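Visitor: 3D model of this:
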Amino acid sequence: MDPIHDRGVIKWQSAMLLPEHIKKLKQFHQEVYKIQKPVLDEQELSEMDLLVGEAMEFNTLLQFTFWEDGELKKVKGLIHFIDVIGKEFRIKDYQNIPHFIAFHKILEITKE
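Guide: Numbering: from 1, shown residues only. I've put the predicted structure just below:
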């Protein structure tokens, strides 16, 4: 005779957390860890301006740290275009995927 194989905790797992519970927990987690957008001073802005100018001239890889919906996000790539009218950078990452980042969202730019 074959022994009965108990599934242990797995059999109760789906009953303990319904999809609605998981969704609410994720929303709660996102709200708790949101941050306020930091304010940059003139020196930081001028340093980023020089770095962007150099990167455009020598086609240097940069890492952009920006604020979006209460989170800090990062993108590594080359500056493809600077839209002065739309006030945004157009960046292509290593997979050649374009990213559009508004000037006012950028917090830090570093060389890679």
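Visitor: What separation do you get for Ile82 and Arg90?
Guide: Ile82 sits 7 Å away from Arg90, going by CB to CB, to the nearest Å. Quick note: C-beta positions are derived from backbone N, CA and C, even for glycine.
Visitor: what helices or strands is the biggest helix by length in the chain leaning on?
Guide: Identified as the longest helix of the chain according to DSSP state H is helix 42-58. If you count contacts as 3 or more CB pairs under 8 Å, 6 or more residues apart in numbering; DSSP states H and E, helix 42-58 packs onto strand 62-68, strand 71-83, strand 106-111.
Visitor: nearest to Lys34, of these?
Guide: Closest to Lys34 of these, according to CB to CB: strand 71-83, at 7.1 Å.
Visitor: who are the neighbours of whichever helix or strand comes after that closest one, in terms of helices and strands?
Guide: Later in the chain than strand 71-83, the nearest helix or strand by DSSP states H and E is strand 88-92. Packing partners of strand 88-92 (3+ CB pairs under 8 Å, 6+ apart): strand 62-68, strand 71-83, strand 98-102.
Visitor: Which residues does stretch 50-68 contact?
Guide: With contact meaning CB atoms under 8 Å, 6 or more residues apart in numbering, stretch 50-68 is reached by 35, 37-38, 72-79, 82, 89, 91, 101, 105-112.
Visitor: Can you select the buried ones from these in ChimeraX?
Guide: In ChimeraX, this line selects whichever of the contacts of stretch 50-68 come out buried by 16 or more other CB atoms under 10 Å:
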select :75,77,78,79,89,91,101,105,106,107,108,109
